[in-house]
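1. sharing a model that was predicted from the sequence below.
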Amino acid sequence: MRETPSYLLLGEILRPHGVRGEVRVKLFTAYPERIDDLETVYLGKSADTPNPVAHTIGGMRMNSGYGLLKLQGIDDRDEAGRLRGLYVMIDIEHAVPLEEGEFYLYQLIGMTVQLEDGAVFGTLREVLETGANDVYIVDSPVHGEVLIPATQETILNTDPTLGIVTVRLPHGLLPDDAIEDA
């Protein structure tokens, strides 16, 4: 597992919106309504940016599934355009507290993935956030890269203390399953 980061990603600035300095943000957070309640967000080229730049929030609203973010001091389209491609982050101290059984994505990366019989399957490398459910990208020494849907039926247990995710692979997910059916 990775160490706790100083910042968590809230979204990515896509482009200016209008002429008064708003930016259109592709949101990564499950709690976009909380952004407007924050005083400060940080902008950087990645979550690992050593010194992200603090900006005071002037307002945030939703529009067609995207956030429209206004930052104080960014007052025209040209200034907003210079922010394109930067990530909007929050410092970890102001992140939304998690409910029981919820995890930040950074906590999952690097966890050992094991099958329900205890056999080690691989290492969780990345989490893809899709519309329906997340997908875990697992590096398996035997099967290579395997995409596992993160559903209740598939993810049986996640233990951050041990760093283990226990899974039940859906039938047909691996090529071996198809051979057995023939």
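-> Cool, the structure landed.

2. tell me how this structure divides into domains.
-> 7-94, 105-181 (automatic domain parsing).

3. what ranges do the helices span in the protein?
-> 77-81, 105-108, 175-181 (DSSP state H).

4. mean pLDDT lowest where, among those?
-> Comparing mean pLDDT across those, the weakest is helix 175-181, with a mean of 53.

5. now do Asp91: how many residues are near it, please.
-> For Asp91, the count of nearby residues is 16 (other CB atoms under 10 Å). No exception for glycine: its C-beta is placed from N, CA and C like everyone else's.

6. tell me the predicted confidence for the residue nearest to it when sequence neighbours are not counted.
-> Leaving aside its sequence neighbours, Asp91 sits nearest to Tyr7 (CB to CB, 6 or more residues apart in numbering; 5.7 Å). Tyr7 is assigned 89 on the pLDDT scale.

7. right, and Tyr7 touches Val88 too?
-> No - look at Tyr7 against Val88 with CB atoms under 8 Å: they stay out of range, at 9.8 Å.

8. who has more neighbours, those two?
-> For Tyr7 and Val88, the more surrounded residue by other CB under 10 Å is Val88, and the numbers stand at 29 against 21.

9. got the contact list for the more buried one?
-> By CB atoms under 8 Å, 6 or more residues apart in numbering, Val88 lies in contact with 9-13, 25, 35, 41-43, 69.

10. at 10 Å instead, please
-> 7, 9-13, 23, 25-29, 35, 41-44, 52, 55, 57, 60, 67, 69, 71 (CB atoms under 10 Å, 6 or more residues apart in numbering).

11. that one pairs with what?
-> Judged by DSSP bridges, the bridge partners of Val88 are Gly11, Leu43.

12. re the thing from before, which of the domains of the chain has the highest mean neighbour count?
-> Among the domains of the chain, the stretch with the highest mean neighbour count (mean count of other CB atoms under 10 Å) is domain 7-94, at a mean of 16.

13. now that domain: how far from the chain's centre is it?
-> Relative to the centre of its chain, domain 7-94 is centred 15 Å away, using CA atoms, centre = their mean, to the nearest Å.

14. any idea how far apart the tips of that domain sit?
-> For domain 7-94, the first-to-last residue distance is 9 Å (CA to CA, to the nearest Å).

15. my guess is the residue nearest to Asp91 contacts Ile92, does it?
-> Yes - using CB atoms under 10 Å, Tyr7 is in contact with Ile92, at 6.6 Å.
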